[in-house]
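> I would like to see how this sequence folds:
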Amino acid sequence: MASDFVSVIKPKSGENKDIAVSPVALPVLPVRDTVLFPHAVLPLTVGRESSIQLIQSLGEDKQLIVVAQREARLDNPEASDLHTVGTLATVHKVVKMPNQSLFVFTEGAERVRLGEFAQHTPYMMAEYQTISEDEAAKSPEVEALQRNVLSQFQEIVAASPTLSDDLQTIALNIEETSRLVDFIASSLPFLTTADKQELLETQDVVKRLERLTQHLAKEIEVQQLRTKIQSEVQDAVQQSQREYYLREQMKAIQKELGDADDTNKDVTELKEKIEAAGMPEETKKDALKELGRLQRMSPNAPDYSITRNYVEWLASLPWSKSSGVEVDITRAAEILDEDHYGLKKVKDRILDYLSVRRLKPDMKGPILCFVGPPGVGKTSLGKSIARALGRKFSRISLGGMHDEAEIRGHRRTYIGAMPGQIIQHLKRAETNDPVFMLDEIDKLGRDFRGDPAAALLETLDPAQNTTFRDNYLDQPFDLSKVLFICTANQLDPIPAPLLDRMEIIELTGYTEEEKVAIAEKYLVPRQVKENGIDGSNDKGNGEVAGPRAEVVEDQDKVPAPQPSSKDITNALIEFPRESLAITARHYTREAGVRKLEQLIGTVCRKQARRIAEGKNEKLVVTPEVIREFLGGYKVRVDTEIAERTKRSGVAVGLAWTPVGGDILFIEANKMKGKGNFHITGQIGDVMKESMQAALTWVRSNAASLGLDEDVLKDIDLHLHVPAGAIPKDGPSAGVTMATAIVSLLTDRPVRPLLAMTGEITLSGNVLPVGGIKEKFLAARRAGVRDVILPIDVKPNVEEDLSPDQIEGITIHYASRFEDVLAVALPHTLRETAQDEQLREEVLQTAG
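Predicted coordinates:
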């Protein structure tokens, strides 16, 4: 194979030298992650069986070719796994190691390029081509590159703790550029095998210099960054040490002066708080144990602040501190009457609880849940209860809460862990028996972080909350003395196990008379005072005092009484009852009084502006002033009912919503067709079934209604519930839908100012429905004069509605749908004429 090898190979493109060729095959020693440069001495550890045989077979000249592997992980590389350029080397010494491997000292001679392989086993042998090198011409460019490389190398050696300073001297004494580059490349530990192999394969010395310069410049930049980081770390360490020394000196000075150490002082104070907190023995034992750990800790320890915060929480909770106020039933009743108008059932239940508590002070607190539409006074009622009891009041809004840790707290293992809202508010209240309001409990969320409703099960269970455990405290806390009051707009979203633990008290809504009374007694005085027109800011001479500082009431204190009509005797505005009634009737359509208070506030702000402009006379709010300040009437429901029921096929139903009751128009119409039945109005499945039941009853009783049995054969019937953008569902509109269909087919308009509710069956029975009080109050707000109700709800009406609320409305009870038709539709010409006369009177009055 050697005889066929040509003696000279032409150089590659761009090369100016010939490459000498040797026809003699030499052993090839593959090495991992190592590159041997010419004129460099490199110790190699030889452990592979093939490589050991190669070393042992060397002749007297001890020559071989050292070539780096392309992939260092290969244990038995083939010829294709080696780089094509290696170094011809001489073995000077071989040392046999105890583990049977060899330690070989080699010295590189010159670059070679591998030719054809003459042998592959037991070790590789290959012909080679010597890559001859001519010294680069000493041009200014080469001289500059060489000096730059030397300078960079010296800087790296001087900054590196691992490189010997002798390397600088050796490099300065090398005159040949090629040898200098090879020496520096072989001396740099940060160069990768790929970088070194690239330098070995680069024949042009100038290119080698340029490439080496780039590597050295990069390493200098890395060293500078490393030096900067080390300097910053060193500065931080020195600062920490300096602070430590100063702190120790300060301790020594304080000791000499007789001052107590701050840490010991904190520990002493915390111990006194623990002793005075009155916590249970087990809890006290754990608190003192944590305090002992704190005393042994250095203030610089990472856990110091965590442990200190935990002990502070334990020491600051009101474990045994109660309000200690004697319950006065008469005074409590007076306070409830002062703060709230009506609500007799709610007040009676609260006074019952106070009476029992007076007789048995250690009774467990009940869990009350006020349910009703917005603006009926659920939250303010909780404040009044706290004032009547002489207790602190605390409130948590649960709306949108979706993390269980908000209730039970985080475990101390988490960074920034804190107790839950229950424990936090008890700490602020500073007593273990506040009135605790959980607002909007029907709007709790739930996600991957847990279920707050499930966490409330223990909190709101009188049988379990005596040992409530917060995740942060991990100690039992007695919540049985806390009076929990929950509020909700509706009960459906509340989980059944949680609902079972609460006593439900419904606050349905107010009539117009009640709204006027509430406005006179509470809303007007509050808005007059808040808008600065109560007379207290009048300086005389046309001047008005500047803005008052807003006083924010602390929710964890005993609530102050609300402003009353006695507080505004000198007010610069007066609201007659007639004006308040007009505002409630024609500008609001709500179960509560929130919108009414906003409108009263609007009128008060208008008067405040007049006073600021120099008009200081007292303003009497007449109906004309109402229309000037608030615009035209916004609500004319009574006229709407009279107007829309002029034609047949329109009936008025009563509906329950989360924000109170409301009226609901049902419209029916017919057209030529084939007996199809159309339903529209974004209604739910239950309501659709009610429509089908109503239609079936009408068709099956057509003869008794005076209709042809095939009346629907040649027409299509369309039943629509207006306000199509609002989803509607429920069985309450069954009788209303059937009445609208009968009214349409018999061409008899439903009597004006009449509304109804009830579920209809296929046999014509009228079944009871819920939300009667809310629906009845909605009918009253709408100006309805006749209401049809299922006969089975009569006990609810007698229990829930007061005579004042029923006054002016005639209630008709129905057990069969025929009873509904007897009231809802006129049966004689005289009745029809009376209905038309009533309708015209209503419309004329509105005009």
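> Show me what counts as buried in stretch 403-417.
By 16 or more other Cβ atoms under 10 Å, the buried positions in stretch 403-417 come out as Asp403, Glu404, Ala405, Glu406, Ile407, Arg408, Gly409, His410, Arg412, Ala417. In short, each C-beta sits where N, CA and C put it, glycine included.
> average model confidence for it?
Averaged over stretch 403-417, pLDDT sits at 82.
> Kindly indicate which of the buried residues of stretch 403-417 lies nearest Gly681.
Asp403 (39.0 Å; Cβ to Cβ).
> In this structure the closest one contacts Gly450, no?
Yes - in this structure Asp403 lies within contact range of Gly450 using Cβ atoms under 8 Å: 6.3 Å.
> could I get the buried residues of stretch 403-417 as TSV with distance to Arg357?
TSV is the format used below for the buried residues of stretch 403-417 (distance: Cβ to Cβ, whole Å):
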residue	distance to Arg357
Asp403	34
Glu404	32
Ala405	33
Glu406	30
Ile407	26
Arg408	28
Gly409	29
His410	34
Arg412	36
Ala417	36
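> Next step: the residues you listed restricted to helices.
Those of the buried residues of stretch 403-417 mapping onto helices are Ala405, Glu406, Ile407, Arg408, per DSSP state H.
> Relative to the longest strand anywhere in the chain, what are the paired strands and their orientations?
Counting residues, the longest strand found in the chain (DSSP state E) is strand 102-119. Sheet pairing of strand 102-119 (DSSP bridges) gives strand 41-46 (antiparallel), strand 85-96 (antiparallel), strand 125-130 (antiparallel).
> Looking at those strands, which is nearest to Lys773?
strand 41-46 (95.6 Å).
> tell me which residues in the closest one are buried?
By neighbour count on 16+ other Cβ under 10 Å, the buried set for strand 41-46 is Leu42, Leu44, Val46.
> And for that strand, what's in contact with it?
29, 31, 34, 36, 52, 54-55, 66, 89, 92, 97, 101-108, 186 (Cβ atoms under 8 Å, 6 or more residues apart in numbering).
> what about 6 Å?
Strand 41-46 is contacted by residues Leu36, Ile52, Ile55, Ser101, Leu102, Phe103, Val104, Phe105, Thr106, Glu107 when judged by Cβ atoms under 6 Å, 6 or more residues apart in numbering.
> now the helix or strand harbouring Leu212: mean pLDDT?
Remark: Leu212 resides in helix 205-257, with elements defined by DSSP states H and E. Taken as a whole, helix 205-257 carries a mean pLDDT of 81.
> residues of stretch 634-654 that come out buried?
Buried-residue list, stretch 634-654, by 16+ other Cβ under 10 Å: 635-645, 648-654.
> ditto for stretch 151-171
So for stretch 151-171, counting by 16+ other Cβ under 10 Å, buried means Gln152, Phe153, Gln154, Glu155, Ile156, Val157, Ser160, Leu163, Leu167, Gln168, Ala171.
> What strand or helix carries the last one?
Taking DSSP H and E as the criterion, the element that holds Ala171 is helix 166-172.
> in terms of contact count, name the helices or strands touching that helix.
The helices and strands touching helix 166-172, judged by 3 or more Cβ pairs under 6 Å, 6 or more residues apart in numbering; DSSP states H and E, are helix 140-159.
> List the contacts of the helix it packs on.
Defining contact as Cβ under 6 Å, 6+ apart, one finds that helix 140-159 is touched by 136, 163, 167-168, 171, 177, 184, 209, 212-213, 216, 219, 223.
> relative to helix 205-257, how tilted is that helix?
30 degrees (axes from the mean of the first three to the mean of the last three Cα atoms, to 10 degrees).
> What's the mean pLDDT across helix 140-159?
For helix 140-159, the mean pLDDT works out to 84.
> How about stretch 45-65?
In this model, stretch 45-65 has a mean pLDDT of 85.
> what do you get for stretch 762-780?
87.
> Would you indicate which residues of that stretch are buried?
Within stretch 762-780, the residues scored as buried using 16+ other Cβ under 10 Å are 764, 766-769, 771-780.
> before we move on, the earlier item: who's in contact with the longest strand of the chain?
With Cβ under 6 Å, 6+ apart, strand 102-119 has contacts from 1, 25, 36-38, 40-46, 52, 55, 65, 79, 84-95, 97, 124-131.
> hmm, which two among the buried residues of stretch 151-171 are most spread apart?
The largest distance within these, taken as Cβ to Cβ, falls between Ser160 and Ala171 and amounts to 13.8 Å.
> still on that earlier bit, in a markdown table: the strands paired with strand 102-119, plus distance to His340.
Formatted as a markdown table, the strands paired with strand 102-119 follow (distance: least, Cβ to Cβ, whole Å):
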| stretch | distance to His340 |
| --- | --- |
| strand 41-46 | 94 |
| strand 85-96 | 98 |
| strand 125-130 | 105 |
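> So for Leu200, which of the ones you listed sits nearest?
Of the strands paired with strand 102-119, nearest to Leu200 by Cβ to Cβ is strand 85-96, at 5.8 Å.
> Buried residues of that closest one, list them for me.
Neighbour-count burial for strand 85-96 flags Val85, Gly86, Thr87, Leu88, Ala89, Val91, Val94 (criterion: 16+ other Cβ under 10 Å).
> got the end-to-end distance for stretch 487-499?
In stretch 487-499, first residue to last residue: 12 Å (Cα to Cα, to the nearest Å).
> What of stretch 35-52?
19 Å.
> Also stretch 125-142?
Distance between the two ends of stretch 125-142: 38 Å, counting by Cα to Cα.
> Which of the residues in that stretch are classified as buried?
Result for stretch 125-142 [16+ other Cβ under 10 Å]: buried residues Met125, Ala126, Glu127, Tyr128, Gln129, Thr130, Ile131, Glu133, Ala136, Val142.
> and the helix holding Ala171, how far out from the chain's middle?
With Cα atoms, centre = their mean, to the nearest Å as the basis, helix 166-172 stands 66 Å off its chain's centre.
> With stretch 276-284 instead?
Relative to the mean C-alpha coordinate of its chain, stretch 276-284 is positioned 36 Å out (Cα atoms, centre = their mean).
> How about stretch 226-246?
41 Å.
> gap between the most centrally placed residue in the chain and Ile396?
Closest to where the C-alpha atoms of the chain average out (Cα atoms, centre = their mean) is His402, at 7.1 Å. His402 is 14 Å from Ile396, where distance means Cβ to Cβ, to the nearest Å.
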